[in-house]
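**Student:** Kindly generate the corresponding structure for this input.
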Amino acid sequence: MYIGGIEAGGTKMICAVADEAMMVVDQISIPTTTPTETLTAIFDFFAPYPMKAVGVGSFGPIGIDPQQANYGHILATPKAGWQQIDLVGALSSQWPDTAIIWTTDVNAAAYGELRLGAAQGKNSCVYMTVGTGIGAGVVREGALFQGIGHPEIGHTFVKRHPEDHYQGTCPYHHDCLEGLAAGPSLEGRTGIKGQDLPADHAVWDLQAFYIGQALVNITLTLAPEKIIIGGGVMNQPHLLTKIKDAFVQQMAGYMETPPVDDYIAAWALPNQSGITGCLLLAQEKVGQK
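**Tutor:** Numbers count the residues shown, from 1 in each chain. All right, here's what the predicted structure looks like:
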């Protein structure tokens, strides 16, 4: 018997099969097209492997409370065709004897980084991804944090930089953190894709201002032992240093944290944090049984 993991992203679905010792035996990346096409490809991939449990980390927002009718659904996503899709229901119908562990993609990534990545040895961490969107997962006391819903830190509001008049890209809030600092805002402000912007472009200081401010808010609210940042925008090597400087400046000495170079770190499992977390959650479910 095997365990499975599905990192369900709006662009692609990373699926992996591992044995109960977490040795990956097969992995695939499936484009996220229509739900029918995507699910058919997922089921075809897993068909040869009888699985005890599958950990699913999904793009969101998602229904996370098992007591609510929307549990297991993808909710008000901007991803066309995926609004209100009952993903857990579809997986459970296909695999009635398989346990499905359901969380957000960033929660799964946070868990992967806590157990096997940059936050190993800690009991709490926040993982933030900065890419096409911004999201953050939270682990506290070794467990995923959630309440009536899951954290949506990317859609929290930040104080505008006094020289910034950009309207923001978020279709819901316009100038929330995601609207002002996710990847599309770089091109929206400059007309140039982020990967083509020179390292000395002034927009990187603006980017760091907003992300640094968000990390101050996270620290003051959740006080995690470690903050980890990943995602496509963070492929700019100079950006992390700018974010740390912005964090120190905006914290202004108010709350003591570990040294900033230890406290804020790049992901240690680039592009694997999420699927690793999904497999770990499945492995733990099997262990509980």
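
**Student:** How far off centre is stretch 16-28?
**Tutor:** How far stretch 16-28 lies from its chain's middle: 21 Å, per C-alpha atoms, centre = their mean, to the nearest Å.

**Student:** Going by neighbour count, which residues in the longest helix seen in the chain are buried?
**Tutor:** As assigned by DSSP state H, the longest helix anywhere in the chain is helix 203-222. Neighbour counts over helix 203-222 (16 or more other C-beta atoms under 10 Å) mark 203-204, 206-219, 222 as buried. To be clear about C-beta, it is placed using only N, CA and C from the backbone, and glycine gets the same treatment.

**Student:** what's the answer for stretch 183-202, then?
**Tutor:** 183-187, 189, 194, 197, 201.

**Student:** same question, stretch 145-154
**Tutor:** In stretch 145-154, counting by 16+ other C-beta under 10 Å, buried: 145, 149-154.

**Student:** Parallel or antiparallel, which strands does the helix or strand just after the longest helix of the chain pair with?
**Tutor:** Where DSSP states H and E defines the elements, the next helix or strand beyond helix 203-222 is strand 227-230. Applying DSSP bridges, strand 227-230 is found paired with strand 125-130 (parallel), strand 264-266 (parallel).

**Student:** Pick the most buried one from the ones you listed.
**Tutor:** Most buried of these, by mean neighbour count (mean count of other C-beta atoms under 10 Å): strand 125-130, with a mean of 28.

**Student:** got the angle for that strand vs helix 203-222?
**Tutor:** 150 degrees (axes from the mean of the first three to the mean of the last three C-alpha atoms, to 10 degrees).

**Student:** State the number of residues packed around Thr40.
**Tutor:** 12 (other C-beta atoms under 10 Å).

**Student:** tell me the secondary structure for it?
**Tutor:** Taken by DSSP: H, G, I helix; E, B strand; the rest coil, the conformation at Thr40 corresponds to helix.

**Student:** Make residue 1 into 49 and carry on from there
**Tutor:** Okay, residue one is now 49; in that scheme the one you just asked about reads as Thr88.

**Student:** Tell me how far the strand or helix carrying Cys326 lies from the chain's centre.
**Tutor:** Using DSSP H and E, Cys326 sits within helix 321-336. Put simply, helix 321-336 sits 16 Å off its chain's centre (C-alpha atoms, centre = their mean).

**Student:** likewise stretch 295-315?
**Tutor:** Chain-centre distance of stretch 295-315: 21 Å, with C-alpha atoms, centre = their mean.

**Student:** Okay, buried residues for that stretch please.
**Tutor:** Quick answer for stretch 295-315 (16+ other C-beta under 10 Å): 295, 298-299, 305, 308, 311-313, 315.

**Student:** No more questions from me, cheers.
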